[in-house]
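In: 3D model of this:
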Amino acid sequence: MPETQLALSTSASSGVLSDLTGTSVITHLTLAPDQHTAQFAYRDPVVGNPELRLERTQGETLAIASTTKSVTVLPAELDHFALVSDTTSLTAGEDYPITIRAIDTKCNVKLDIQGEMP
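Out: Take a look at the predicted model:
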């Protein structure tokens, strides 16, 4: 019985599939003939509902050759606010737009902030 190759992909352009340590990006899994499970890690800095896709590319013939699973990526807890401006030099008496961004504990922009700032 040959090894089975499985292609991994995500619908999110920001999503990364990797080994369990998170250090090596992967696009395939290889299952030995006697292997029934495999693990990988998924990381996405963008909140949303991407789909993960697994597709058999070679090896053991399967009754279902591909499958997808929708996952929910939630924001982390609020960590701090950042001030963002297009310039570092301001002219006295002039107005310049400055943006305040909420940043979560994973250093991503937090989009689910509601209410008023004190």
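
In: Tell me the confidence at Met1?
Out: pLDDT recorded at Met1 is 73.

In: An error on my part: the question was meant for Leu8.
Out: We have a pLDDT of 96 for Leu8.

In: Tell me the helices and strands packed up against the helix or strand hosting it.
Out: Following DSSP states H and E, one finds Leu8 within strand 4-10. Secondary structure elements in contact with strand 4-10, counted by 3 or more CB pairs under 8 Å, 6 or more residues apart in numbering; DSSP states H and E, are strand 16-18, strand 28-31, strand 51-58. For every residue, glycine as well, the C-beta is placed using N, CA and C.

In: got the buried residues for that strand?
Out: By 16 or more other CB atoms under 10 Å, the buried positions in strand 4-10 come out as 4, 6, 8-10.

In: again, but for stretch 10-30
Out: Buried residues in stretch 10-30, counting neighbours by 16+ other CB under 10 Å, are found at 10, 12, 15, 17, 29.

In: Let me see the contact set for the last one.
Out: Going by CB atoms under 8 Å, 6 or more residues apart in numbering, Leu29 touches 5-6, 8, 38, 40, 54.

In: Quick check: Ile98 touching Leu83?
Out: Yes: here Ile98 reaches Leu83: they are 5.7 Å apart, a contact under CB atoms under 8 Å.

In: Same drill for these two, tell me which one is more crowded.
Out: Each of Ile98 and Leu83 has its neighbours counted (other CB atoms under 10 Å); Ile98 has more, 11 against 8.

In: on that earlier part again, what does the strand holding Leu8 rub up against?
Out: So strand 4-10 is contacted by 17, 26-31, 33, 38, 40, 42, 44, 50-60, 62 (CB under 8 Å, 6+ apart).

In: Most distant residue from the centre of this protein?
Out: Distance from the C-alpha centroid of the chain peaks at Gly93, with 43.0 Å (CA atoms, centre = their mean).

In: pull the helix or strand with minimum mean pLDDT from the protein.
Out: Within the chain, confidence by mean pLDDT, DSSP states H and E is lowest for strand 99-104 among all helices and strands, at a mean of 88.

In: Check which helices and strands that strand sits against.
Out: strand 78-84.
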